[in-house]
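Undergrad: fold the following for me, if possible:
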Amino acid sequence: MTEFPFISGTDIATIENRQFIRIETDKAQEIVIALDKSGIPFSARYGETEMVLTYDGSFKEQVEDIIAKATSGEYEALLRELQVYGEPDGYYRLLGEVAELLNTTIGALKNRPDEIQLALCKTYVDFWLCDDATIRCELDRVISVNGRTLSDIQEYEKSKVQDKAPEQSAADNVPTLSELFDDYNRRNGHAHFTRETHKHLSEIVRRRQRTEQERTIQTEEIERRKRP
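TA: Predicted coordinates:
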């Protein structure tokens, strides 16, 4: 029996500009799946708590991004949020994050049919652990396949900007913990509200607030740079 019972990736000899890392993590499976989805050449050996990873150094930033995401616990919080709100409501709540990645607005995405909005949000969740460039490419693919490219959407949004009233800040829509509890109870009135559920909902609130705060800061910085 080997130290690392699981092997994933390609033949190490085929990887150019090889970089090697050894990390302690229980998220090795999530990491290798994201590396594969992102098209990054790699070879990995891993067990329950540790992994040895060799990858093409040209993708160093993407690899670091994937590892940071997988080990942050944010993905698990996202999945619990989807469980609390259910489908499709849980997915629609992610439109702000999708819009940010596509460098557009929530309003622009809401001009798309509901099924396209849902497809975008599901794709975002499916590829969440990947690097941002890969997620953006997959989202753009969803839009393009459905007959309207990202550039079309951005041009349409620009044509409306002068006549459109300012949208409510996405940060204003972040639910409080009490609102989440109330919503959960309405949906699960028959269920016992456990300490573990309380923990999960608290994590969801923190994740949503952190995401919206970061988005607000980025938006303000972009607007500041545009000023003369």
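Undergrad: how is the chain partitioned into domains?
TA: Annotated domains of the chain cover 6-71, 74-226 [automatic domain parsing].
Undergrad: would you map the strands across this protein?
TA: 6-9, 18-24, 42-46, 50-56 (DSSP state E).
Undergrad: parallel or antiparallel, list what pairs with the shortest one.
TA: Sheet pairing here is set by DSSP bridges, and for strand 6-9 it gives strand 42-46 (antiparallel).
Undergrad: give me the distance between Val98 and Pro88.
TA: Distance from Val98 to Pro88, counting by Cβ to Cβ, to the nearest Å: 14 Å. Where C-beta positions appear, they are placed from N, C-alpha and C, glycine not excepted.
Undergrad: where are the low-confidence patches of this protein?
TA: The model of the chain has pLDDT under 70 over residues 1-2, 146-228.
Undergrad: again, only using 90
TA: For the chain, the stretches flagged by pLDDT under 90 are 1-6, 8, 81, 83-87, 111-112, 143-228.
Undergrad: bridging residues for the residue lying closest to Lys60 once chain neighbours are set aside?
TA: Nearest in space to Lys60, with sequence neighbours left out and distances taken as Cβ to Cβ, 6 or more residues apart in numbering, is Gln19 at 6.4 Å. For Gln19, the beta-bridge partners are Tyr55 (DSSP bridges).
Undergrad: check the burial of Gln19 by counting its neighbours.
TA: The tally of other residues near Gln19 (other Cβ atoms under 10 Å) stands at 15.
Undergrad: I'd assumed Val52 was in contact with it.
TA: No: using Cβ atoms under 8 Å, Gln19 is not in contact with Val52; the gap is 11.9 Å.
Undergrad: returning to that earlier point: name the stretch among the strands of the chain that sits most buried.
TA: strand 42-46 (a mean of 22; mean count of other Cβ atoms under 10 Å).
Undergrad: tilt between it and strand 18-24?
TA: In terms of direction (axes from the mean of the first three to the mean of the last three Cα atoms, to 10 degrees), strand 42-46 departs from strand 18-24 by 30 degrees.
Undergrad: who's in contact with strand 42-46?
TA: 2-4, 6-12, 15, 28-29, 31-32, 35-36, 51-56, 63 (Cβ atoms under 8 Å, 6 or more residues apart in numbering).
Undergrad: now do the contacts for Ser52.
TA: Small correction: residue 52 is Val, not Ser. 4, 20-22, 44-46.
Undergrad: let's see that with 7 Å instead.
TA: Shown in contact with Val52 (Cβ atoms under 7 Å, 6 or more residues apart in numbering): 4, 22, 44-45.
Undergrad: with those in mind, which one is nearest to Gly107?
TA: Nearest to Gly107, judged by Cβ to Cβ, of the contacts of Val52 is Ala44 at 41.7 Å.
Undergrad: and the gap between that closest one and Thr71?
TA: Taken as Cβ to Cβ, the span from Ala44 to Thr71 is 15 Å.
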